[in-house]
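Novice: here is my input; please provide its structure:
(one chain, ligands or ions: 4)
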Amino acid sequence: MTYQSTTRQFACDPAAVGGASDPIRAILEKALSGGEVSTDEGVALFRAQGADIDAVYRTADTLRRRANGDRVSFVVNRNINFTNICYMGCKFCGFAKRAEDKSAEWLEPAQIVERAQQAWDRGATEVCIQGGLHPKMEGTYYREIIRAIKTALPGMHIHAFSPFEIWYGASKTKMSYRDFLADLKEAGLDSMPGTAAEILDTEVRMQLTTNKLSAERWVEIIRTAHEVGIPTTATIMYGHVDAPEHWAAHIALLRDIQKDTGGFTELVPLSFVHTDSPLYAQNPDKVRPGPTAREVDLMHAVSRIMLHGWIDNIQVSWTKLGAARAQQMLSRGVNDLGGTLMNESISRAAGSNHGQEITARELVRMIRAAGRVPVRRNTIYETREVFEHHDPEELAPLVDRKGRDPLAFLEMFPERPARAEAAQ
Ligand SMILES: C[S@@+](CC[C@H](N)C(=O)[O-])C[C@H]1O[C@@H](n2cnc3c(N)ncnc32)[C@H](O)[C@@H]1O
Ligand SMILES: Nc1c(NC[C@H](O)[C@H](O)[C@H](O)CO)[nH]c(=O)[nH]c1=O
Ligand SMILES: N[C@@H](Cc1ccc(O)cc1)C(=O)O
Ligand code: SF4
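Specialist: Ligands and ions are numbered 1, 2, ... in the order given. The predicted model follows:
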């Protein structure tokens, strides 16, 4: 299965590579003529300095235009984090709580459906569901959640459960990954987040996590999901104890998987939010406080260059970077602004203060201000609406299925201080 229309155009672009040093120029010319950038070459791009950096950005922008034209997409979705109770102890995570914590949360199926229904009424086409690995949770709960939502809202796309949650559910039910995934698909699971990837490197994972599934297991579960017909996103969480070598190898690994399965819909680079993360608090000398601005720019640009023709949707995370920086990434190879989210809690729990939702109206405004054409998509990147004109009426069908002003719904989910409330 392949979820992006790949426009492989092979032509060098002198304007893109102009001013670059010979070695960087050679790599960029190769990418522009349809060649594959190796892991070592990816590392060289991540280490670019001076005029080379601009050439990397221009090349990423050229490849983005070839793959996606002027369109920039987003999806109207809602995050539902059904529990934050988790004892897996990932050191970077500010979201996990102990059962006795005041901010611990557990949602019953009826409450999950209620949130999904509210999202549907606001025009959401997707619910993105992830949670902690609650020690007392049954492995069958994942299926139960899917059945409850699909029964109430058959048209809602369910984007749910990271490979770690799949590992947990399969272990608890004593099923193979394949059987567990096929069963969830049969119940109505439409796609999965490719989270829990962090950095797919054993040594880095040893510093970030204690009990998290291994890189090999992440790959196995993702491949199996693709094989049973469940598309997934792909992620990389960067800017902590990692280095360019890990980033380039991680992206090359995603590319190899994609060559075999075609099951990735997008890559979302997730910048590490350090503020309320135990990893940083416990070791501020060794752990970086998230990526630098240069690293954020390069992560999006090099991802575009290395994945061109394989994963053609590069998403920026507005919740990690904020709207202004997210908008700047549109000139660094990015063609997707992700989801409205409605209730973002993972970044907020780690100390990020970019709010828990962004309206579709605001996303359209940001895309237009960058000179691009806004497109509302569904989860698997099928175009739903193209906003070609600057007519405000055009935004009317965007969000609300009940004919209400979408902005009025902000009252339904009043903005609360980021850290006072760990999970929503
Ligand atoms: C919080 S988990 C939820 C799903 C499940 N518990 C798991 O770990 O796979 C989802 C993802 O959030 C991301 N995340 C968690 N804490 C973060 C932080 N401080 N900064 C950036 N991303 C973070 C990680 O990539 C993680 O895999
Ligand atoms: N970047 C973040 C996302 N991105 C995922 C999208 O919202 C969407 O679910 C996906 O593109 C499939 O359509 N989600 C988060 O919860 N947090 C992020 O930081
Ligand atoms: N939930 C993740 C981000 C994410 C979710 C779903 C995806 O498909 C991709 C990325 C976070 O907030 O860090
Ligand atoms: S990242 Fe996921 S598994 Fe790890 S502690 Fe946080 S919620 Fe639990």
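Novice: wait, residue 312 sits on residue 68?
Specialist: Yes. Between residue 312 and residue 68 there is a contact under CB atoms under 8 Å: 6.7 Å. Yep, even glycine has a C-beta here, placed from its N, CA and C like the rest.
Novice: between those two, which contacts overlap?
Specialist: Taking CB atoms under 8 Å, 6 or more residues apart in numbering as the criterion, residue 312 and residue 68 both touch residue 335.
Novice: check the secondary structure at the residue nearest to residue 386 when sequence neighbours are not counted for me.
Specialist: Counting by CB to CB, 6 or more residues apart in numbering, residue 386 lies nearest to residue 375, which is 5.3 Å off, once chain neighbours are set aside. Classification of residue 375 using DSSP: H, G, I helix; E, B strand; the rest coil returns strand.
Novice: was I right about residue 375 contacting residue 72?
Specialist: Yes. Counting by CB under 8 Å, residue 375 does reach residue 72; the two are 6.7 Å apart.
Novice: state the mean pLDDT of stretch 138-150.
Specialist: Per-residue pLDDT values across stretch 138-150 average out to 98.
Novice: is ligand 1 within reach of that stretch?
Specialist: No. Applying CB under 6 Å from any ligand atom, one finds stretch 138-150 separated from ligand 1 by no less than 11.8 Å.
Novice: now that stretch: how far from the chain's centre is it?
Specialist: The chain centroid and the centroid of stretch 138-150 are separated by 23 Å under CA atoms, centre = their mean, to the nearest Å.
Novice: for that stretch, list every residue counted as buried.
Specialist: Buried residues in stretch 138-150, counted by 16 or more other CB atoms under 10 Å: 139, 141, 142, 143, 145, 146, 148, 149, 150.
Novice: and what of stretch 259-277?
Specialist: 261-277.
Novice: and for stretch 205-213?
Specialist: 205, 207, 208, 209, 212, 213.
Novice: what's the answer for stretch 211-226, then?
Specialist: Buried-residue list, stretch 211-226, by 16+ other CB under 10 Å: 212-213, 215, 217-226.
Novice: so can I have TSV of these showing secondary structure and pLDDT?
Specialist: Formatted as TSV, those follow (DSSP: H, G, I helix; E, B strand; the rest coil; pLDDT from 0 to 100):
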residue	secondary structure	pLDDT
212	coil	94
213	coil	95
215	helix	98
217	helix	98
218	helix	98
219	helix	98
220	helix	98
221	helix	98
222	helix	98
223	helix	98
224	helix	98
225	helix	97
226	helix	96
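Novice: residue 48: which of these is nearest?
Specialist: For the buried residues of stretch 211-226, the closest approach to residue 48 (CB to CB) belongs to residue 215, at 26.5 Å.
Novice: setting aside sequence neighbours, what's the nearest residue to the closest one?
Specialist: With sequence-adjacent residues excluded and distances taken as CB to CB, 6+ apart, residue 215 is closest to residue 200, at 4.1 Å.
Novice: and that neighbour, that one's in a helix?
Specialist: No. Judged by three-state DSSP, residue 200 forms no part of a helix; its state is coil.
Novice: pLDDT score assigned to it?
Specialist: Per-residue pLDDT puts residue 200 at 98.
Novice: what's the burial count for it?
Specialist: Residue 200 has 20 neighbours, counted by other CB atoms under 10 Å.
Novice: and it, how far is that from residue 12?
Specialist: Distance from residue 200 to residue 12, counting by CB to CB, to the nearest Å: 32 Å.
Novice: also residue 236?
Specialist: 28 Å.
Novice: out of these two, which sits in the more crowded spot?
Specialist: Taking neighbours as other CB under 10 Å, residue 236 and residue 12 compare with residue 236 leading, 22 against 16.
Novice: tell me the bridge partners for the more buried one.
Specialist: residue 269 (DSSP bridges).
Novice: so it makes contact with residue 266?
Specialist: No. Look at residue 236 against residue 266 with CB under 8 Å: they stay out of range, at 11.9 Å.
Novice: quickly note the distance from the residue nearest to residue 215 to residue 114.
Specialist: For residue 200, the distance to residue 114 equals 36 Å [CB to CB].
Novice: ok, back up a step: and which of the buried residues of stretch 205-213 is nearest residue 364?
Specialist: The nearest member of the buried residues of stretch 205-213 to residue 364, counting by CB to CB, is residue 208 at 36.3 Å.
Novice: for that closest one, phi and psi?
Specialist: The phi/psi pair for residue 208 (degrees, to the nearest 10) reads phi -90, psi -30.
Novice: i'd like the first residue to be 51 from this point on
Specialist: Sounds good: first residue 51 from here, last item residue 258.
Novice: hmm, it is touching residue 327, no?
Specialist: No. With contact defined as CB under 8 Å, residue 258 does not count as touching residue 327 (10.2 Å).
Novice: overlap in contacts of those two?
Specialist: 141, 142.
Novice: which residue packs closest to the residue nearest the centre of the chain, ignoring adjacent ones?
Specialist: Centroid check for the chain by CA atoms, centre = their mean gives residue 318 as the closest residue, at 3.7 Å. Distances taken as CB to CB, 6+ apart put residue 365 closest to residue 318, at 4.4 Å, once the chain neighbours are dropped.
Novice: so that neighbour sits right up against residue 383, yeah?
Specialist: No. Proximity of residue 365 to residue 383 does not meet the contact threshold set by CB under 8 Å, at 10.8 Å.
Novice: looking at those two, which is more packed in?
Specialist: Between residue 365 and residue 383, residue 383 has the larger neighbour count (other CB under 10 Å), namely 30 against 27.
Novice: how far away is the more buried one from residue 364?
Specialist: Residue 383 is 5 Å from residue 364, by CB to CB.
Novice: then residue 352?
Specialist: With distances taken as CB to CB, residue 352 is found 10 Å from residue 364.
Novice: so where does residue 79 fall, helix or strand?
Specialist: Assigned by DSSP states H and E, residue 79 belongs to helix 72-82.
Novice: export that helix to PDB, keeping only CA atoms.
Specialist: In PDB, the C-alpha atoms belonging to helix 72-82 read as follows (Å, rounded to 0.1, in the frame of the first residue of the first chain):
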ATOM      1  CA  ASP A  72      31.900  20.700  -3.300                       C
ATOM      2  CA  PRO A  73      31.000  17.800  -1.000                       C
ATOM      3  CA  ILE A  74      27.600  19.100   0.100                       C
ATOM      4  CA  ARG A  75      26.900  20.200  -3.500                       C
ATOM      5  CA  ALA A  76      27.500  16.700  -4.700                       C
ATOM      6  CA  ILE A  77      25.100  15.200  -2.200                       C
ATOM      7  CA  LEU A  78      22.400  17.700  -3.000                       C
ATOM      8  CA  GLU A  79      22.800  17.300  -6.800                       C
ATOM      9  CA  LYS A  80      22.400  13.600  -6.300                       C
ATOM     10  CA  ALA A  81      19.200  14.100  -4.400                       C
ATOM     11  CA  LEU A  82      17.900  16.500  -7.000                       C
END
